[in-house]
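[1] Just a sequence and a predicted model for now, questions to come.
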Amino acid sequence: MEKKVLFTIFGGTGDLAQRKLYPSLFRLYKKGDLKEDFAVIGTARRPWSDEHYREVVMGTIEDLIESKEQAETFASHFYYQSHDVTDTTHYDSLKELADSLDQKYQLEGNQLFYLAMSPNFFGTIVSHLKSQGMLETEGYHRVVIEKPFGSDYASAKQLNEEINQVFSEQEIYRIDHYLGKEMIQNISAIRFANNIFESQWNNRYIDNVQINIAEDLGVEERGGYYDKSGALKDMVQNHILQILSLLAMEPPVAFSEKELRTEKIKALNAIRIYSEEEVKTNFVRGQYAHGQLEDQQFAGYREEMNVAEDSATETFVAGKFLIDNFRWSGVPFYVRTGKRLTEKGTRINIVFKQVPVNVFKKDVTDCESKKKLAPNVLTIYIQPTEGFSLSLNGKEIGQGFDTLPVKLDYRNSTEIVENTPEAYEKLLLDALNGDGTNFTHWDEVAQSWRIVDVIRHAWDKETPDFPNYSAGTMGPKAAYDLLAADGFEWIWKPDEWYRERNLLNNQ
Ligand code: BG6
């Protein structure tokens, strides 16, 4: 159904707006969710004209348009306002523009504010929105907030209090774009629509769980931000812990925003908060050095733009989370994320326990691992391919009785993947529908910071021996040792293929 709404985007000239928001708004426009009755105000410091802004917007949707007229009509709904977020008079002009667009497009006072800029200003912006009367229109007022939501628990709490002065929890949409990804949403379908999995989804049948978010890219032009953040805050505090909570939570009573949040929060609350000593044994950090993969050469992290020459920022994290509840006690949840790894890939491996006795082992006196069966593994492929696979043991064809791992594999077709709505498109539509299911509640954010702060504090007490992995590999040796110490190994080994062919320059 067509939405009547005024978007005000703070950070309208920025990278996120151009790469994600404008194309997503255009997709919603093509599908008819946005038609005649919407307008967008882009604000930022730069002194752009409406014409220039519209040119920029059209540039971001070039690959999606059916005709030039279509692009022009869409872009005609965009207005630009040069804005200093600390200057109250600027909000007065913003309000004037907002009121006139509300009249012009018959928006019934509905407003969605999108904060896609430095988090330092989030508090200032929302307080001015209120003080300058921008929230006095008839319709709804919602605010979408990009990460990072604070830089630790204390700053997140303060920010939340500032925002709560102006918006209620129901009006706040904290974005974690992973929650808009098709296959992340599919985790719940796999778990709760398949008895063969849900009945086994606990410490009696599962040996360990592995969550990988690997990136092949380096920090690109985001060195300035990333060098202050690091992989722990950039990926673990949000995306990884959100995925973990979806995998670990109890089945919700109903698949509704309220019930889902309740269960996710319970799961996050059950994650063990480590002591500093425990952090040392359960978490590994890394930073990439120069490396070579096939014929590609990569610079080390410290040589990247806007990164300190002696930077101690981690570009890689591997760790083991433990969940202290009846369902998961004793099951390690291993996580691994990093930049400049061998391949881009987000995938989850659920590793099931072995059968109690391997009746196929040849030598009855041999109880050792050589004769172990391969574990059953359910893999959920989040990106770039989307699908599931289940590895089983079958009999090798022929005389005798050797077992052989076989894989049941399902992937969405390229066509389906291409036509799947982008995460941002889905989340924007959710926010327009007032549906907060796929956004992060304050309690989730708060608990995630508590978990991560302890790791950060422990790390900050020691200077790491960086760099410690070569670009193109899957991280430092310690990340392998972490699992080996428990008798496990990473199921996903994209580097192996390159190593076997001597295409990876190190280790
Ligand atoms: C962002 C991080 O949240 O997620 C980036 O800030 C990271 O550093 C990105 O590259 C990964 O997202 P995706 O959708 O490409 O997996």
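    It's in.
[2] any idea how far F283 is from D465?
    Noted for F283: a distance of 15 Å to D465, by C-beta to C-beta, to the nearest Å. In short, each C-beta sits where N, CA and C put it, glycine included.
[3] Between the two, tell me which one has more neighbours.
    Neighbours were counted for F283 and for D465 using other C-beta atoms under 10 Å; F283 has more, 24 against 10.
[4] Make sure that one is actually in contact with F316.
    No: assessed by C-beta atoms under 8 Å, F283 is found out of contact with F316, at 11.0 Å.
[5] Near the ligand, which residues of the protein are found?
    Residues of the chain lying close to the ligand by C-beta under 6 Å from any ligand atom are H177, E215, D234, T346.
[6] Mind jotting down where the helices sit in the stretch 351-500 of the chain?
    For the stretch 351-500 of the chain, the helices defined by DSSP state H, counting those that start in this stretch cover 414-419, 423-432, 442-460, 477-484, 494-500.
[7] Can you add mean pLDDT and give those helices back as JSON lines?
    Formatted as JSON lines, the helices of the stretch 351-500 of the chain follow (pLDDT from 0 to 100):
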{"stretch": "helix 414-419", "mean pLDDT": "84"}
{"stretch": "helix 423-432", "mean pLDDT": "96"}
{"stretch": "helix 442-460", "mean pLDDT": "98"}
{"stretch": "helix 477-484", "mean pLDDT": "98"}
{"stretch": "helix 494-500", "mean pLDDT": "93"}
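[8] most packed of those?
    Of the helices of the stretch 351-500 of the chain, the one with the most neighbours on average (mean count of other C-beta atoms under 10 Å) is helix 423-432, at a mean of 22.
[9] That helix - contacts with which helices or strands?
    Under the contact criterion of 3 or more C-beta pairs under 8 Å, 6 or more residues apart in numbering; DSSP states H and E, helix 423-432 touches helix 22-31, strand 141-145, strand 172-174.
[10] For H441, grab phi and psi.
    When read as degrees, to the nearest 10, the backbone of H441 gives phi -70, psi 150.
[11] List the contacts of it.
    By C-beta atoms under 8 Å, 6 or more residues apart in numbering, the contact set of H441 is E169, R174, R261, K264, I265.
[12] what about 10 Å?
    For H441, the contacting residues are E169, I172, R174, E257, K258, L260, R261, T262, K264, I265, Q447, by C-beta atoms under 10 Å, 6 or more residues apart in numbering.
[13] Could you do F333 as well?
    Neighbouring residues of F333 by C-beta under 10 Å, 6+ apart: 206, 208-211, 240, 243-244, 247-248, 271, 319-323, 348.
[14] Repeat that for Y288.
    For Y288, the contact set (C-beta under 10 Å, 6+ apart) comprises 218-219, 298-302, 304, 314-316, 338-341, 466-473, 475-476.
[15] Quick check: strands, which of these are part of them?
    The strands, defined by DSSP state E, take in F298, F316, G338, Y469, S470 from these.
[16] Looking at these, which two lie furthest apart in space?
    F298 and F316 (13.8 Å; C-beta to C-beta).
[17] Nearest to the ligand within the stretch 151-300 of the chain, name that residue for me.
    Residue nearest to the ligand within the stretch 151-300 of the chain (C-beta to the nearest ligand atom): D234, separated by 4.7 Å.
[18] you'd agree that residue is in a strand?
    No: the assignment for D234 (DSSP: H, G, I helix; E, B strand; the rest coil) gives helix, which keeps it out of a strand.
[19] and it, how many residues sit next to it?
    Residues lying near D234 (other C-beta under 10 Å) number 23.
[20] lowest-confidence helix or strand of the protein?
    The helix or strand of the chain with the poorest confidence is helix 414-419; it has a mean of 84 (mean pLDDT, DSSP states H and E).
[21] Quick check: which ranges of the stretch 251-400 of the chain have low pLDDT?
    Filtered on pLDDT under 70, the stretch 251-400 of the chain yields the residue ranges 362-371.
[22] Which residue ranges of it form strands?
    283-286, 288-289, 291-293, 296-298, 316-321, 333-338, 345-352, 377-383, 387-395 (DSSP state E, counting those that start in this stretch).
[23] so which of the ones you listed gets nearest I491?
    Comparing these against I491 with C-beta to C-beta, the closest turns out to be strand 345-352 (4.2 Å).
[24] what residues are up against the spatially closest residue to E263 that is not a sequence neighbour?
    Nearest residue to E263, sequence neighbours excluded (C-beta to C-beta, 6 or more residues apart in numbering): M249, at 3.9 Å. Counting by C-beta under 10 Å, 6+ apart, M249 touches 187-188, 191, 259-268, 270, 327.
[25] ok, the closest residue to I323 other than its chain neighbours - contacts?
    With sequence-adjacent residues excluded and distances taken as C-beta to C-beta, 6+ apart, I323 is closest to A270, at 4.9 Å. Taking C-beta under 10 Å, 6+ apart, we find A270 in contact with 245, 248-250, 322-329, 447.
[26] what's the distance between A270 and Y410?
    Noted for A270: a distance of 31 Å to Y410, by C-beta to C-beta.
[27] and if you look at L217?
    Using C-beta to C-beta, L217 is found at 28 Å from Y410.
[28] How about E343?
    Distance of E343 to Y410, given as C-beta to C-beta: 20 Å.
[29] Show me which of the two is the more surrounded one.
    The residue with more neighbours, out of E343 and Y410, is E343; 17 against 10, by other C-beta under 10 Å.
[30] what's the spacing between the spatially closest residue to N438 that is not a sequence neighbour and L260?
    Excluding the flanking residues, the one nearest N438 by C-beta to C-beta, 6+ apart is L179, at 4.2 Å. Using C-beta to C-beta, L179 is found at 10 Å from L260.
[31] Now do the shared contacts for the two.
    L246, T437, N438.
[32] Assign a three-state SS to the first one, would you?
    So that's L246. What three-state DSSP gives for L246 is helix.
[33] Name the nearest residue to it, sequence neighbours excluded.
    Per C-beta to C-beta, 6+ apart, closest to L246 is I187, 4.8 Å.
[34] got a list of what the residue in the stretch 1-150 of the chain that the ligand sits nearest to touches?
    Nearest to the ligand in the stretch 1-150 of the chain, going by C-beta to the nearest ligand atom, is K147, at a distance of 6.0 Å. With contact set as C-beta under 10 Å, 6+ apart, K147 has these partners: 119, 174-177, 229, 233-234, 237-239, 440, 445.
[35] tell me the SS of it?
    Taking three-state DSSP as the rule, one finds K147 in the coil state.
[36] how far away is it from T86?
    Separation of K147 from T86 (C-beta to C-beta): 22 Å.
[37] which residue lies farthest from the center of this structure?
    Q399 (48.8 Å; C-alpha atoms, centre = their mean).
[38] which residues sit in contact with that one?
    Counting by C-beta under 10 Å, 6+ apart, Q399 makes contact with nothing.
[39] one step back: which among the strands of the stretch 251-400 of the chain is found nearest to W497?
    That would be, of the strands of the stretch 251-400 of the chain and by C-beta to C-beta, strand 291-293, which comes in at 10.9 Å.
[40] Would you mark the buried spots in the closest one?
    G291, L293 (16 or more other C-beta atoms under 10 Å).
[41] For it, give me every contacting residue.
    Contact with strand 291-293 is made by 216, 297-300, 340-343, 467, 469-473, 495, 498, 503-507, as judged by C-beta under 10 Å, 6+ apart.
[42] now it, how far from the centre of its chain.
    What separates the centre of strand 291-293 from the centre of its chain is 26 Å, taken as C-alpha atoms, centre = their mean, to the nearest Å.
[43] Can you get me a residue count around the residue nearest to N438?
    Here the number of neighbours of L179 (other C-beta under 10 Å) works out to 22.
[44] Great, nothing more from me.
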